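*Asks:* build me a structure from this.
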Amino acid sequence: MRIATRLILALACLGLAAPAAQAAPERTAIYMTVAGPLEVVRDGAASTVLLGGRTIHQATGAALTAQSYMSVGELADGYDAVLIRHGVGNAECPITYDLVAVGKDKTYAVIPDINKCSRILNINVDGDRLMIVTERQNGRTEIIEYNDKQRRRPDAKP
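*Replies:* Residues are numbered from 1 along each chain as shown. Predicted coordinates:
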C-alpha cells in the first residue's frame with residue numbers, strides 16, 4: 001500500500017512539474033560575436049535578443065528566429081551581423097527581417113524590418129559592407145546595403 005501511495009504522489013508531482021517545464025524560456029540560438037554571446041530567447045508569445053545577457057531587441061506576438069550570421073570586415077574593426085526573421089508574416093507581407101549588428105566595442109544597432117516585405121535571395125559581404133539581395137513581391141530584385149555607420153555613430157547603444 002505504501003508503494004502505491006508513493007507512486008501516486010510521484011506521478012502527481014511530475015504532472016505538476018510538466019507545465020512549469022514547458023513555460024520555461026527557450027534559447028533558440030546562441031552566437032559568439034565579437035561583442036560577446038548573442039542569444040535569441042523565446043518565452044511564450046514573446047521573443048528577446050540578448051547581447052551579453054542584456055536585452056537589446058524584443059517582439060511580442062511574433063517569434064524571432066535567427067536566420068543568418070555573418071562576420072563583416074577586418075577582425076580589428078569589423079562587426080558581426082545576425083539576420084533575424086520576425087514572425088511568419090501574412091499575405092501582404094510574407095516575411096520581414098530585423099538586422100542586428102554588434103561591434104568589438106560592444107555597441108550595437110538593431111534595424112527592424114530591413115527587407116520591406118521582400119524575400120531574401122542572397123547575402124554577400126563586400127569589404128565592410130553587408131549586401132542583402134531581396135526579391136520584392138512584384139518580382140523585382142533589390143539590394144539593401146548595410147555599412148555599419150549606424151552602429152558606429154556617437155549615440156550608439158553600448
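*Asks:* residue 109 is in contact with residue 150, correct?
*Replies:* Yes: contact criterion Cβ atoms under 8 Å: residue 150 and residue 109 qualify, at 4.5 Å. All C-beta spots, glycine's among them, are computed from the backbone N, C-alpha and C.
*Asks:* ok, these two, which is more surrounded?
*Replies:* Between residue 150 and residue 109, residue 109 has the larger neighbour count (other Cβ atoms under 10 Å), namely 21 against 15.
*Asks:* could you pull out the strands for this structure?
*Replies:* For the chain, the strands defined by DSSP state E occupy 26-33, 36-43, 46-51, 54-60, 64-72, 79-86, 96-103, 108-111, 119-126, 129-135, 141-146.
*Asks:* least confident secondary structure element in the chain?
*Replies:* Least confident helix or strand, the chain: helix 2-22 with a mean of 55, by mean pLDDT, DSSP states H and E.
*Asks:* need the contact list for residue 92.
*Replies:* By Cβ atoms under 8 Å, 6 or more residues apart in numbering, the residues touching residue 92 are residue 117.
*Asks:* ok, now with 10 Å
*Replies:* 117, 137 (Cβ atoms under 10 Å, 6 or more residues apart in numbering).
*Asks:* any idea of the pLDDT on it?
*Replies:* With respect to pLDDT, residue 92 scores 80.
*Asks:* and it, what are its phi and psi?
*Replies:* phi -70, psi -30 (degrees, to the nearest 10).
*Asks:* next, work out how far apart it and residue 33 are.
*Replies:* 33 Å (Cβ to Cβ, to the nearest Å).
*Asks:* residue 89 too?
*Replies:* Distance from residue 89 to residue 33, by Cβ to Cβ: 26 Å.
*Asks:* more neighbours, these two?
*Replies:* A side-by-side neighbour count of residue 89 and residue 33, using other Cβ under 10 Å, places residue 33 first with 22 against 13.
*Asks:* residues touching the more buried one, list them.
*Replies:* Contact analysis of residue 33 by Cβ under 10 Å, 6+ apart lists 51-52, 69, 71, 79-82, 100-104, 106, 108.
*Asks:* can you pull the poorly scored residue ranges out of this structure?
*Replies:* 1-23, 154, 156-158 (pLDDT under 70).
*Asks:* could you work out the end-to-end span of stretch 97-109 for me?
*Replies:* 14 Å (Cα to Cα, to the nearest Å).
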